[in-house]
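Student: Below is the structure, and that's it, no one-letter string:
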Ligand SMILES: *Cc1c(COP(=O)(O)O)cnc(C)c1O
């Protein structure tokens with residue numbers, strides 16, 4: 001970034017400090033990851049200069065000789081990797097992708113049924129603060145009060161009662177695998193479109209360590225920047241019969257020109273996600289999550305559903321005598337970055353809920369394995385035991401700094417030990 005350094009030292013300094021922060025701390029935010037150098041370089045390429053409204057062969061601007069090839073390559077790689085009939089790679093991010101699906105299938109006021117936000121659903125699955133809750137009759141299903149898991153009988157009952165035109169399966173904070181076949185049966189019974197939002201676990205699906213929703217869903221949306229480890233963007237995968245409706249909803253329905261630099265970087269990430277080493281990576285993501293979950297459980301932490309079978313876990317800190325926010329702030333001081341999170345049936349407020357969420361995609365990208373997960377559980381335990389002991393937090397931050405130096409993060413290798 002030499003030219004930025006010359007022209008805008010203020011911004012240069014901020015970006016460099018953020019690089020260092022990402023290198024020196026343990027990132028447990030379940031939706032974050034480290035992209036590779038090839039993905040970073042493509043994101044920062046001259047493709048950012050191009051306008052290409054429309055689709056390959058049907059653009060509204062000239063000069064698309066290479067852009068068409070780039071977009072078609074991204075689409076072909078996504079189709080191959082996920083076995084999808086049709087793919088749209090233009091959504092700017094996960095939220096606009098979901099809004100495009102609603103535009104494709106729904107009219108204002110139609111009923112949608114998604115997972116409740118405080119139970120792990122996403123804002124765009126019908127939360128009142130979101131356009132999805134404002135413009136549609138948004139109904140939600142909740143987790144079972146005793147198991148903390150989805151109860152498909154009660155989802156079915158809810159669907160029969162509210163007759164949704166579209167059902168959303170998918171989450172941002174549910175530590176278990178979804179039963180897509182059961183969702184399909186429920187959708188068929190009530191005549192609903194089934195949309196699966198696999199934003200969080202798309203990388204695991206690509207790596208073959210998580211069931212794929214693609215055979216079951218009418219339409220699958222995903223971000224590309226979470227476990228899939230691509231640039232910030234999104235894709236919509238659907239059956240051929242919905243292809244025209246989806247494409248029209250993305251452009252001109254919701255968006256204008258696609259971000260071609262992102263499209264190209266998605267293609268690069270999809271090539272990476274097709275490799276054997278990415279398969280191994282996703283296996284390790286799941287192994288790391290289960291090792292961390294078991295280690296925390298042994299230390300008396302209360303895990304929602306008792307553990308995890310994907311890349312994330314939710315911990316209820318009520319029995320530890322501090323709130324999720326207090327814990328998250330103390331952990332950040334100690335060099336462990338995560339987010340506070342509501343737990344199912346949380347008695348506390350969303351701005352200071354009872355839990356924290358942790359995920360392993362980012363730490364696995366930098367090479368953490370079982371040994372480091374056990375060390376991490378010790379660090380977390382020490383922080384939660386004395387969250388106000390500034391000396392202890394600083395000491396832990398130093399130990400974490402030393403460990404991180406041995407595991408250079410992708411894209412940040414130049415900052416290694
Ligand atoms: C992250 C996420 C999104 C939205 O992605 P943005 O890119 O932040 O708009 C949508 N759905 C789910 C389930 C997510 O986890």
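Tutor: Cool, got the structure. A quick note: this is a predicted structure, and the numbers were derived from the prediction, not measured.

Student: Could you use CA atoms for every contact and neighbour count after this?
Tutor: OK.

Student: I'd assumed residue 296 was in contact with residue 289.
Tutor: No: using CA atoms under 8 Å, residue 289 is not in contact with residue 296; the gap is 10.6 Å.

Student: which residues does residue 253 contact?
Tutor: Residues in contact with residue 253, defined by CA atoms under 8 Å, 6 or more residues apart in numbering, are 100, 103.

Student: and the gap between it and residue 362?
Tutor: Between residue 253 and residue 362 the computed distance is 34 Å (CA to CA, to the nearest Å).

Student: now do residue 44
Tutor: Counting by CA to CA - residue 44 and residue 362 are separated by 21 Å.

Student: Which one's more surrounded, the two?
Tutor: Using other CA atoms under 10 Å, the more surrounded residue of residue 44 and residue 362 is residue 362, with 25 against 13.

Student: and the nearest residue in space to the more buried one that is not next to it in sequence, what does it touch?
Tutor: Among residues not flanking residue 362 along the chain, residue 33 sits closest, at 4.1 Å (CA to CA, 6 or more residues apart in numbering). Residue 33 sits next to 225-227, 229, 361-363, 365 when contact means CA under 8 Å, 6+ apart.

Student: Using a markdown table, lay out these together with secondary structure and distance to the ligand.
Tutor: A markdown table is the format used below for those (DSSP: H, G, I helix; E, B strand; the rest coil; distance: CA to the nearest ligand atom, whole Å):
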| residue | secondary structure | distance to the ligand |
| --- | --- | --- |
| 225 | coil | 8 |
| 226 | coil | 8 |
| 227 | coil | 10 |
| 229 | coil | 13 |
| 361 | helix | 13 |
| 362 | helix | 15 |
| 363 | helix | 18 |
| 365 | helix | 19 |
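
Student: okay, now the domains of this structure?
Tutor: 41-273, 276-409 (automatic domain parsing).

Student: Confirm residue 235 sits in a strand?
Tutor: Yes: assessed by DSSP: H, G, I helix; E, B strand; the rest coil, residue 235 belongs to a strand.

Student: neighbours around it, how many?
Tutor: By other CA under 10 Å, 25 other residues sit near residue 235.

Student: Please tell me how far residue 47 sits from the ligand.
Tutor: 20 Å (CA to the nearest ligand atom, to the nearest Å).

Student: Now for that residue, how many residues are close by?
Tutor: 19.

Student: go on, residue 218?
Tutor: By the measure other CA under 10 Å, the count of residues near residue 218 is 20.

Student: sorry, back to before: a markdown table for the domains of the chain, including mean pLDDT?
Tutor: A markdown table is the format used below for the domains of the chain (pLDDT from 0 to 100):
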| stretch | mean pLDDT |
| --- | --- |
| domain 41-273 | 97 |
| domain 276-409 | 97 |
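
Student: any residues touching the helix or strand where residue 138 lies, and which ones?
Tutor: In this structure, residue 138 sits in strand 137-141 according to DSSP states H and E. Contacts to strand 137-141, defined as CA under 8 Å, 6+ apart, come from residues 109-116, 125-128, 132, 154-155, 158, 162.

Student: do the same with stretch 407-417
Tutor: With CA under 8 Å, 6+ apart as the test, stretch 407-417 has contacts from 19-20, 23, 34-37, 40, 365-368, 405-406.

Student: Out of those, which end up buried?
Tutor: Neighbour-count burial (16 or more other CA atoms under 10 Å) applied to the contacts of stretch 407-417 gives 23, 34-36, 40, 365-368, 405.

Student: So which of those residues are in helices?
Tutor: Among the buried ones among the contacts of stretch 407-417, the residues falling in helices (DSSP state H) are 23, 40, 365, 405.

Student: Per-residue confidence, the second one, what does it come out as?
Tutor: Spelled out, it's residue 40. Confidence at residue 40, expressed as pLDDT, is 97.

Student: Same check on the first one?
Tutor: As predicted, residue 23 sits at a pLDDT of 95.

Student: For it, give me its contacts.
Tutor: 404-405, 408-409, 412, 415-416.

Student: again, only using 7 Å
Tutor: 404, 408-409, 412 (CA atoms under 7 Å, 6 or more residues apart in numbering).

Student: Would the strand or helix carrying residue 268 count as contacting the ligand?
Tutor: Using DSSP H and E, residue 268 maps to helix 260-273. No: figure legend: helix 260-273 not in contact with the ligand (CA under 6 Å from any ligand atom); closest approach 12.6 Å.

Student: now for that helix, which elements pack on it?
Tutor: Packed against helix 260-273, as judged by 3 or more CA pairs under 7 Å, 6 or more residues apart in numbering; DSSP states H and E, are the following elements: helix 37-43, helix 65-82.

Student: wait, which of those is closest to the ligand?
Tutor: The ligand lies closest, by CA to the nearest ligand atom, to one member of those: helix 37-43, at 15.7 Å.

Student: Please list the residues outside the helix or strand just after the closest one that contact it.
Tutor: As assigned by DSSP H and E, the chain's next helix or strand after helix 37-43 is strand 54-55. Contacts with strand 54-55, where a contact means CA under 7 Å, 6+ apart, come from 60, 251.
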